[in-house]
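Colleague: Pasting the sequence and the predicted model now:
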Amino acid sequence: MFFSRSQIIYSLLLIGFSSSVFSAGFYISEIGTPGSLGTAGVANVSNNFSADSSWTNPAGMTGVKEKQTIVAGTQILFPKVEFNSSIAEAGGSDGGNAGDIVGIPSFFMTKQLSDDVTLGFSVVGTMGGGMDYGDDFVGRYAVTEVLLQGMFISPSLGYKVNDNLSLGVGVSFVYTQFEQEIAMPTLNPASDGEVKFDDLDDWGLQPFMGLTYQLNEKIMLGIVYRAEFDAELEGDIKFSNIALPAATNKKMEIDWTNPQVLKIGLQYKFDDEYTFFVSADWEDWSEFSDNHISVTNGVVTTLERNFKDTWQIGFALSKKMSEDSQMALGFSYDSSPVDDDDRTLDLPFDEQIKLSAAYGWKGNKNLDYSIGTTLMYAGKAKVDQMTPGGRVKGEFDKNYILFVGATLRYIF
């Protein structure tokens, strides 16, 4: 089966990361804890009450009352992601529900070294998900299947400067793994070729820092900054059903810049029962826009995705139900990093709207429990794209993710 060298090159230019579980881009604010799942991530930046502050804002660790505490949990993502085509020149099906169910564990720990210094450690998956459209998908010449996983292992330190101000720093050791499959047209219309990006991975470093400041007895300010980091993935590119000298298995590299992020939030205590949270952020997704691709003894190219910076805003409320239980509700909105004219099937990001709720209660002895959920609407994600097999146009008329999580907290 034959196709041209230019079509192989074109398939490389379509490289991307397709999963609507990512907030605005790759980052998700839900980490399975009540402060994230129950508030749509809004309480993260002003978190000074739980061990997950070791990840969300290391300065907040100085406010954790317990001398040593562990929070461990998991969240499961149930996606409903269905594309509806209006133009499909290559024919095929719309792929049904392309979203894969994903489980993401998490672990957090804080330990007070003194009245002013607290150490933290966290393991979280804030990048993760996959899509499987099937081999007969109308957009198969852009993507048929993809998997992206990211794990952040992060030591951190919080320092209480005085009764009002705390500072925190940390660094994340980031492991990224990526796989993707793309169909390729051949001279035999009954049989497609296939290009597979296999076992691409990389370790990277992302520093982060935070601040909390008690403005008065009711209001606390939180600020978090995460630096950009470069992902430079290396792995294999494999060809199937493609009879062309250039189409032999090779090593490949993909690199991009994960953007810097600045978050700011306020925590307002109405009284001992009610606490209100508000947060906003800016994410530098225009830095991600250039994706660099190289193949051993082959193509070296840059793909410009025309991404733009995003912003987010959210509100949440927690209520102390009794001495032994508490609940939270939250809402947030993320802007789209890409315009409709530039969106592609391999990376169909759009605006996101989240509604969240969580409930926590005290158990026996030193154990606490919580459950939480977030429902995320990921936009219509309209696409109008030319592929090697022809034009594909449509939108994701079902594009939802349900996050369900539970945590266990142990106090030493």
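Modeller: That came in fine, so what should we check first?

Colleague: Point out where the stretch 1-150 of the chain drops to low pLDDT.
Modeller: 1-27, 127-129 (pLDDT under 70).

Colleague: redo that, cut-off 50
Modeller: Applying pLDDT under 50 to the stretch 1-150 of the chain flags the ranges 1-25.

Colleague: quick one: the helices in it?
Modeller: With DSSP state H, counting those that start in this stretch as the criterion, the stretch 1-150 of the chain has helices at 5-13, 34-37, 53-56.

Colleague: Run through the neighbouring helices and strands of the second one.
Modeller: Contact here means 3 or more CB pairs under 8 Å, 6 or more residues apart in numbering; DSSP states H and E; on that basis helix 34-37 packs against strand 325-334, strand 352-362, strand 367-377, strand 390-411. C-beta coordinates here come from the backbone N, C-alpha and C atoms, glycine included.

Colleague: Show me what the second one packs onto, helices and strands only.
Modeller: Here strand 352-362 is seen to pack against helix 34-37, strand 325-334, strand 367-377 when contacts are counted using 3+ CB pairs under 8 Å, 6+ apart.

Colleague: what's the answer for the shortest one, then?
Modeller: Counting contacts by 3+ CB pairs under 8 Å, 6+ apart, strand 325-334 packs against helix 34-37, strand 310-322, strand 352-362.

Colleague: Identify the residues contacting the last one?
Modeller: When you say that, I think you mean strand 352-362. 23-24, 34, 37-41, 314, 316, 323-334, 368-379 (CB atoms under 8 Å, 6 or more residues apart in numbering).

Colleague: Now list the buried members of these.
Modeller: 23-24, 34, 37-41, 314, 316, 326-332, 334, 368-379 (16 or more other CB atoms under 10 Å).

Colleague: which residues does residue 406 contact?
Modeller: 32, 73, 74, 75, 369, 370, 371, 372.

Colleague: what's the most distant pair in these?
Modeller: Within the contacts of residue 406, 75 and 369 form the most distant pair, 14.5 Å apart (CB to CB).

Colleague: Residue 255 and residue 234 touch, don't they?
Modeller: No - using CB atoms under 8 Å, residue 255 is not in contact with residue 234, being 9.3 Å away.

Colleague: List the residues that contact residue 257.
Modeller: So residue 257 contacts 228, 229, 230, 231, 287, 288, 290 (CB under 8 Å, 6+ apart).

Colleague: ok, what's across the strand from the second one?
Modeller: Legend: beta-bridge partners of residue 229 under DSSP bridges are residue 258.

Colleague: residue contacts, the closest residue to residue 379 other than its chain neighbours?
Modeller: Residue nearest to residue 379 in three dimensions, not counting chain neighbours: residue 350, with 2.9 Å by CB to CB, 6 or more residues apart in numbering. Applying CB under 8 Å, 6+ apart to residue 350 gives the contacts 20, 336, 338, 343, 378, 379, 380, 381, 382, 396, 399.
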